[in-house]
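Undergrad: Give me a 3D structure for the following:
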Amino acid sequence: MVKVAVLGAAGGIGQPLSLLVKLNPIVDELALFDVVNVPGVGADLGHINSNSTTESFLPESKEDKTALANALKGSDIVIIPAGVPRKPGMTRDDLFNINASICQGLAEVIAKNSPKAFVLVISNPVNSTVPIFAETFKKAGTFDPKRLFGVTTLDIVRANTFISQLFPKETKPGDFNVNVVGGHSGETIVPLYSIGRTKKYYDELNEEQKKALIHRVQFGGDEVVQAKNGAGSATLSMAYAGYKLAESILKAVNGESNIVECTFLNLDSSIKGASEAKKLVNNSEFFSLPVLLGKNGIEEVKYEILNEVNSDEKKLLEVAIDQLSKNIEKGVAFATK
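TA: Below is the predicted model:
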């Protein structure tokens, strides 16, 4: 029996994400939690004739933790899009002040009710919220770095799509799987176009085109925020990206081998390759890198890719590492204050 809990299931990301999870044949139980509107979402999804059962959990008050605890009990995977979305003019710092408290509260209840679950953090800013989850789990004595994932998959999805759009006659987005490393905001996002299938096409671009492409991957979220004109941020693409990582974890847990995904993880020495990776990223505690997935979560960090980057990407990594250290510090400070 496989149970997946979605925390923030009634939101702009949560609804399409829950729909995708509902359709997955491996999932037996889908638990939907939110502080508003979730019974309607559950009733709607419950009419779909897929294999999984659906149950909604709505707290009776702000102080009520029973609904959340019940949603989490027995969960194998917990996906967290909960929080306030970014609005026009809102910085990631503004977002942090609101979402940090939400994330810490959720982490405390997860630690008590589903300490062995794989936890996928979508709530922004991921560079800071993932350290909050890690520190909160450490306090509770339940932290397992192999089971905590910061969802950066949307950066890969965008990187694949955007380079394909430059070569529409020759390629499709599905032809590529760009490794995007670093973090999950602005210049902390570093797409490694010089490695793998994209190298051939990337080399055909001039310097101006390369810079524009990198910038578009790094700030693709702004593109969506502006296009929605006050009506939201990237929800559908983020839901797809979050589900894509969850689907890979489900496959790995189900016994499929050689599944590699990029994720923002804690470079803890208990994970194979993490110590080597840490040395290459100026001892950053957290970093997004390709990882090999297995039955227990993250089996190995594929750090070797950092030795293959070109000179331009090395410069991008230097900027990313510098900014990332401040983001991580901010999350740790919040969780430990």
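Undergrad: Okay, the residue nearest to residue 180 when sequence neighbours are not counted and residue 335: tell me how far apart.
TA: Nearest non-adjacent residue to residue 180, counting by CB to CB, 6 or more residues apart in numbering: residue 155, 4.2 Å away. Backbone N, C-alpha and C define where each C-beta goes, glycine included. From residue 155 across to residue 335, the span is 24 Å (CB to CB, to the nearest Å).
Undergrad: okay, the two: which has more neighbours?
TA: residue 155 (28 against 22; other CB atoms under 10 Å).
Undergrad: Now do the SS call for residue 36.
TA: coil (DSSP: H, G, I helix; E, B strand; the rest coil).
Undergrad: what about it, how many residues close to it?
TA: Neighbourhood size, residue 36 [other CB under 10 Å]: 10.
Undergrad: burial count for residue 255?
TA: Residue 255 sits with 8 neighbouring residues when counted by other CB under 10 Å.
Undergrad: you'd agree it is up against residue 294?
TA: No: Residue 255 lies out of contact with residue 294 (CB atoms under 8 Å); the separation is 9.4 Å.
Undergrad: Tell me which helix or strand comes right after the helix or strand encompassing residue 159.
TA: Applying DSSP states H and E as the criterion places residue 159 in helix 153-166. Heading C-terminal from helix 153-166, the first helix or strand you meet, by DSSP H and E, is strand 180-182.
Undergrad: returning to what we had before: and the helix holding residue 159, average pLDDT?
TA: If you average the pLDDT over helix 153-166, you get 98.
Undergrad: From the contact counts, what lies against that helix?
TA: strand 180-182, strand 189-191, helix 199-202, helix 207-218, helix 220-228, helix 236-253, strand 259-266 (3 or more CB pairs under 8 Å, 6 or more residues apart in numbering; DSSP states H and E).
Undergrad: outside of the first one, which residues touch it?
TA: Contacts of strand 180-182 from elsewhere in the structure, counted by CB atoms under 8 Å, 6 or more residues apart in numbering, are 152, 155-156, 159, 188-192, 217, 262, 287-290, 305-306, 316-317, 320-321, 324.
Undergrad: what ranges do the helices span in the stretch 1-150 of the chain?
TA: Assigned by DSSP state H, counting those that start in this stretch, the helices in the stretch 1-150 of the chain fall at 14-22, 38-46, 66-72, 92-113, 126-140.
Undergrad: Of all the ones you listed, which one is nearest residue 208?
TA: helix 92-113 (27.1 Å; CB to CB).
Undergrad: excluding its backbone neighbours, what's nearest residue 309?
TA: Using CB to CB, 6+ apart and skipping residues adjacent in sequence, the residue nearest residue 309 is residue 192, 6.0 Å away.
Undergrad: Kindly state the domain boundaries assigned to this structure.
TA: According to automatic domain parsing, the chain comprises the domains 3-150, 152-337.
Undergrad: Can you tell me which of those domains is most buried?
TA: The highest average neighbour count among the domains of the chain, using mean count of other CB atoms under 10 Å, belongs to domain 3-150 at a mean of 20.
Undergrad: ends of that one, how far apart?
TA: 20 Å (CA to CA, to the nearest Å).
Undergrad: Next: stretch 45-52.
TA: In stretch 45-52, first residue to last residue: 10 Å (CA to CA).
Undergrad: got any ranges where the stretch 101-250 of the chain has weak pLDDT?
TA: In the prediction, the stretch 101-250 of the chain carries no residues with pLDDT under 70.
Undergrad: Let me know the pLDDT of the closest residue to residue 46 other than its chain neighbours.
TA: Take residue 46 and drop its neighbours on the chain: the residue closest to it by CB to CB, 6+ apart is residue 54, 4.4 Å away. Looking at residue 54, its pLDDT is 98.
Undergrad: who's in contact with residue 54?
TA: Contacts of residue 54 by CB under 8 Å, 6+ apart are 22, 30, 32, 42, 45-46.
Undergrad: Same question for residue 183.
TA: With CB under 8 Å, 6+ apart, residue 183 has these contacts: 126-127, 152, 189, 264, 286-288, 320, 323-324, 327.
Undergrad: Looking at these, spot the one nearest residue 171.
TA: residue 189 (21.4 Å).
Undergrad: now that closest one: how far from residue 335?
TA: 23 Å.
Undergrad: ditto for residue 321
TA: Taking CB to CB, one finds residue 321 at 21 Å from residue 335.
Undergrad: nearest residue to residue 332 other than its sequence neighbours?
TA: In this structure, residue 332 finds its nearest non-sequential neighbour in residue 131, 4.9 Å apart by CB to CB, 6+ apart.
Undergrad: Looks like the one you found contacts residue 331 (just checking).
TA: Yes: at 3.4 Å, residue 131 counts as touching residue 331 under the criterion of CB under 8 Å.
Undergrad: Now that residue 192 has come up, it's in contact with residue 305, right?
TA: Yes: shown here, residue 192 and residue 305 form a contact pair, counting by CB under 8 Å, at 6.6 Å.
Undergrad: Give me the common contacts of these two.
TA: 179, 181.
Undergrad: tell me which element the residue lying closest to residue 187 once chain neighbours are set aside falls in.
TA: Nearest non-adjacent residue to residue 187, counting by CB to CB, 6+ apart: residue 319, 5.1 Å away. Per DSSP H and E: residue 319 is located in helix 311-336.
Undergrad: Good, wrapping up.
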